[in-house]
Structure formats: C-alpha cells, structure tokens
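Novice: predicted model and sequence follow; I will ask about them next.
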Amino acid sequence: MIKIENLHKSYPMGKESLHVLKGLNLHIKEGEFVSIMGSSGSGKSTLLNIVGLLDIHDEGNYYLNGQLIEELDEKKAAVLRNKFLGFVFQSFNLITYKTALENVALPLYYKGVNRKERQKIALEYLDKVGLKDWAGHLPSELSGGQKQRVAIARALVTQPKVVLADEPTGALDSTTSDSVMELLKEINREGMTVFVITHEEEIAEETDRIVRLKDGVIISDELTNKKVTV
Amino acid sequence: MFDRDIWAEIFHSIKKNKLRTFLTGFSVAWGIFILVLLLASVNGMKNGFTSQFNDDATNSISIWPSVTTMAYSGFEANRVIQFTNRDIEYIKGNFKDEVEYITPRFRKGVVAKYKKETGSYQVRAVSPSHQYIEKTLIQSGRFLNDNDINNKLKVVVIGRKIKEDLFEDENPLGKTLIVNNSTFRVIGIFTDEGNDREERYLYIPVTTMQRLYSNTDDISQILLTYNPKYSFAEAINFSETLEIVLKRRHKIHPDDQGAIYLNNNAEGFSDVTNFTNMLNYISVGVGLLILLAGIIGIGNILVFIIKERTKEIGIRKALGARPAQIINLVILESVFITTISGFGGMLFAMVLIGIVGPNIKSPAFADPSVELSTIIIATVILVVAGVLAGLIPAIKAAKVRPIVALNSD
C-alpha cells in the first residue's frame, strides 16, 4: 500500500540545510496497523507529511497504492489525498463553525458527491463512531474524545486506502485515549490500513508493528506481541 | 458559480462572521453612498443653473450705454452715451444675417389703477421681438404687434400677478387700465418662468412710451438674440464686432471699457456648463477615490480573514480541496459582499435624495437625481472591485501549504 525507497528530505535553514530524513526504506502492506515511534526531531512528522502528500520528498521513490508519486502539483495532490488518504490530527482540526455532520460530509463535497448523498453517508459514519445523536452539534459542544471520533469519521467517510493518524491521542486523557485507540483497532480489523505516529510507548504498543525512528533513520522495525497472539 | 453548496459555504461563512462582514461591507457601501450623493448633487446644481438661464433665450445679448471714461475724437471723458431708435435701425440694417430678434427697452416706474385697485409697477417699453428674447408666455390675449408700434397705440400687456392684484376675478382683456393718468387698453396677460418679479411688469409699445413721457426716441437698453446656429466662438466673435461698431458709431475710444456694457448670455451659459462638467469630473474622481479606499479596505480585511482562516483552509486542502475551489470561494465571497453592500449604499443614497431633494428650496439647486447610467457603471465597478479585492487574498489562500496551515494556530 505504501512503499518508500531511499527517501531523503531536507529543509533549508538559512545557509545550512537540515537533513531530516536520511534514506528511509519502508513497506506497509494493505491492512496493516503500523506505528512510527520517535521523539520530537526524529523526522516522524516529516515522514507523515510526505506520506500524506502534504509535503514533497527530495530524493527516493514513494509509491502510494502502487502509484509512483512524482511531479506532484497542488491540484493533483488534492485529488490523491481526497481519494486515498484520511487524516486524523492531534488537534482534531475540525472546522469550528460547522456541525459534526457537516464536518464529516466535507471530504465528500470535495469528492463531488451530491448533497443528499453526502448527508446520508456522513450520518452512517457518525453512527459508526457512536455519535449519531451528536450530528447537529458544533465541535465546541463536544468533548475531546468526541471531537476525535468525529475526525475519525471524517477520515473514513471517503473510504480511503490509508488512515494517517498524527498523535491521535496527544490531546486526550488516558481513558479517552484508550477508546480512540479501540476505535482505530476496530477500523483496522475491518481491513483499513492504519498508520499512526506517536511518541508514546503505550500507544505504539497497541499497534501491530512498531517502526522506530531516530535522527532521520529507522533504527528498528518489529512486530508487537499483539500480532503474534492474534 | 451557481453551485448551491458554494453559496451555502459563503452564507455560512458570512453568518458566522457577521461583524467583520458588516465592517467589510460598510466601507464599500460608504464609498458608493458618497459617489451617488455627489453625482446627484452635481446634477441638482446643473438643473438649478439651467432653470435659471431658461428664463431668457440662451443666445441673447444685452447692451446698455453708460458714461465714457476716456477722452476721444475731440470729446472729453465723462460724456453720457445715449442709445436711440436709430441704433436699433442701424444694427438691424447692418447685421441682417447675424441678428435673429432685436428690441429696444427702457423702464419706467408707474402707478396703475383699475376701478378702486391701484398698485406701483414697472413698465417695460419694448417692441414685439421682446417676447421671443425674454421668452414671455402669453396666457390669454396677445403680445404687442407691429401695428401697435407703428400707430403708437395705448395698449398694455400685463403680468399674471398684476391681473391678480387689480382685476381679481374679472377678465382684464379689453378693459381700460389707468397708467399714470393715461388710459390703456389691456390686450394680453403673460406669465414668465423666471420668477414672480417678472410677472409684475407691464409691456407697452416703445413708441407709445416715448411719445407720452419724453417725446424723444431715446432708449436705455438694446436686447437681441443672434443666429441660433452660431457656435460659441461665432457668438463671441459677433458680440465683439458689435461692440466695436457701436463704439465707432458713438465716437468712443476703442479701449474704453466703461462707455458701453455688452453682456453675452452665451459666455455665462458656457461658463456654467464648463463649471458643472468640471464638478461632475471632480465628484466622479472623489467618489472613486473613496470607493478605492473601500476596496483596499475589503482587500485588507480579506487578507486578514484568510490569515485567520489559514488553518481552516489547510484542513480543507488536506481533505481534498483543489486550489481553484479555494480561490473561487474567496472571490465569490468578496464579490457577494461588495455587490450587496454597494447596492445597499446606493439604495440608501437614493432614498435620501428622494426624501431630501424635493425639500431643498434654492434657486441654485433643483431636482437632484441619479441617472440610470450611474447605477449601471456603479454596479460594474462594484463587481470588478469585488474581484480585485478578493483576488490577492484568494491567491494567497490558494498558496497556503497544508502542513504550514495545519501547524499554525
């Protein structure tokens, strides 16, 4: 599903340039539940941005769903993001003046789905995350855990190939963290490829495979016990 | 553009940001409001000036003699110049093609009496042509004719106000009016567009007045209209020639500025037209500059809003919004706000003009109005302004990189 070969990325920092990713090789197959572990500055966010088509890499190859990503302009990136990727962010990133239902329906709008259909599908996904009764509420009226569930519903609504979650529990307490992770696991069990970025050991332990990143290189890539027990 | 969802987005965004939408729109509404008000005011001034000049024919020249200020041709200075009937004949004879109508005129204060009613009025001793030069309108009966002049008949044409003063409900036509102890037969009643004062004149044949009161052929003023086909330059040229000829005839130094006064209405009228045109340009300029301030204000506020919404735009992009969709959204919102508020300002200005306009009682100001072309031009300006104001912010928004936007707060 995601295949990365010898990926390099550096950012200009004044006259110097900061070499963030130093030749990564990673292959994530369909249906995997993978976490990228690393402290801040390890390059894990940069990796997510490149995988999420929010940023471009300097060197190496990136295949998304078998398609080589190259010469990516804004428009092309937008279409690919809409088609293949669902995002879950640490700070939820819901649009504050739209209701839960409208937030979930927004990716479908950019996909070109008509209004009625949008509402219907969005409501289905809200139901899936257990928030059907909250459809008409604004984000400000929801708890942190509920907001993240809305965000997950929004990430799923276009039926993407991969869900990218950037510190999905970073802004949540431990109880709600657990329920959000449960939800991600459930999604994964239904066959979705889920790609989590975190710096928390406990969260990474919940996934099937942990890739550890330090200073722009992968230092370990192993399956967790969970996968073995299944 | 007519996608319901885009409009839903725009209304949503406006509804959620009422204050900034209002502030944004207000600057444009204000600009258009002032532009329309200025143009209407200039229109009102123009109408005021024009109606003042409508009183007399616009191609008229009046000439009146005074006292010489320079010695010339054996005469001392301070000689009194006197026009007579022969000056009229002379002009008539020498400027056949140039002159349309010509009349002598002199005034005399009189007491007029009918039965028990009396009043003090001014008599204007004139010839029949005066009717066309002064644009006198006959309400009933007739104006003076050549027969009255030739036979020095004691007939009088009275103004509407005099009829009201002296005759009340009686029909004055054919009645006898006593003017300074002489009896005159009323042959006509006139009205005048100028003002009430004009309607308190009595018109009596110039020959009759000369015989009755002075037994001379002196006149105090010459009024004429020139060929109406004349351009402004030709009219000025003609009045200059006339002045030279009259000075020569009365042995006045060519450079004597005081002996003869000649007033060409064309000069004043042309001045007024130039003046109001210039005012028009100035108000369009000032209005557009104020509007420009409004447009820049909108652009400014939109840039700020984009900055404020950077994160939202980032989210939209992450969810698959294409740059064109973002640009579309921002520009449409800008055009929508400018157009609606612009029309609001225009409407407010027009209502104000409609209410206040008719209550302005000033001879220099009449019937202020907004022409259709102004409204059409203003609309075009508003839409263009909206696009321009939205363009830079929209491009800025489209360039927002999702990762930067998502990390910003």
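Specialist: Thanks, I have the structure now.
Novice: count the neighbours of residue A:3 for me.
Specialist: 16 (other C-beta atoms under 10 Å in any protein chain shown). For every residue, glycine as well, the C-beta is placed using N, CA and C.
Novice: please read the previous query as pertaining to residue A:170.
Specialist: 16.
Novice: correct me if wrong: residue B:341 contacts residue B:26.
Specialist: Yes. Applying C-beta atoms under 8 Å as the test, residue B:341 and residue B:26 come out as touching, 6.8 Å apart.
Novice: need the residues of chain B near chain A, please.
Specialist: B:4-5, B:12-13, B:16, B:311-312, B:314-325, B:398, B:401-403, B:406 (C-beta under 8 Å from any C-beta of the partner chain).
Novice: check contacts around residue 216.
Specialist: Here I'm looking at chain A. The neighbourhood of residue A:216, defined by C-beta atoms under 8 Å, 6 or more residues apart in numbering or on different chains, consists of A:19-22, A:24, A:42-43.
Novice: please refer instead to chain B.
Specialist: Contacts for residue B:216 (C-beta under 8 Å, 6+ apart) come out as B:84, B:210.
Novice: how about the residue of the stretch 301-409 of chain B found nearest chain A: what's its closest non-neighbour residue?
Specialist: Residue nearest to chain A within the stretch 301-409 of chain B (C-beta to the nearest C-beta): residue B:320, separated by 2.5 Å. Spatial nearest neighbour of residue B:320, chain neighbours left out: residue A:82 (2.5 Å); criterion: C-beta to C-beta, 6 or more residues apart in numbering or on different chains.
Novice: secondary structure element holding the one you found?
Specialist: Using DSSP states H and E, residue A:82 maps to helix A:74-84.
Novice: quick one: average pLDDT of the helix or strand containing residue B:282?
Specialist: In the assignment (DSSP H and E), residue B:282 maps to helix B:265-308. Per-residue pLDDT over helix B:265-308 has a mean of 78.
Novice: what's the answer for stretch B:154-164, then?
Specialist: Mean predicted confidence for stretch B:154-164 is 91.
Novice: what's the first-to-last distance across it?
Specialist: 22 Å (C-alpha to C-alpha, to the nearest Å).
Novice: in that stretch, what's buried?
Specialist: Across stretch B:154-164, burial judged by 16 or more other C-beta atoms under 10 Å in any protein chain shown covers B:154-163.
Novice: where exactly do the helices run in chain A?
Specialist: With helices called from DSSP state H, chain A shows them at A:44-51, A:74-84, A:100-111, A:115-128, A:144-156, A:174-189, A:201-205, A:225-229.
Novice: do the same with the stretch 51-200 of chain B
Specialist: Here the stretch 51-200 of chain B has its helices, by DSSP state H, counting those that start in this stretch, at B:85-94, B:130-133, B:146-150, B:160-162.
Novice: next: the stretch 301-409 of chain B.
Specialist: B:310-318, B:323-356, B:372-399, B:402-407.
Novice: out of these, which is the most enclosed?
Specialist: Most buried of the helices of the stretch 301-409 of chain B, by mean neighbour count (mean count of other C-beta atoms under 10 Å in any protein chain shown): helix B:310-318, with a mean of 23.
Novice: how about residue A:52: what's its closest non-neighbour residue?
Specialist: Nearest-residue entry for residue A:52: residue A:164, 5.0 Å, with adjacent residues in sequence omitted and distances by C-beta to C-beta, 6+ apart.
Novice: re earlier: residue A:137: which of the helices of the stretch 51-200 of chain B is closest?
Specialist: helix B:160-162 (79.2 Å; C-beta to C-beta).
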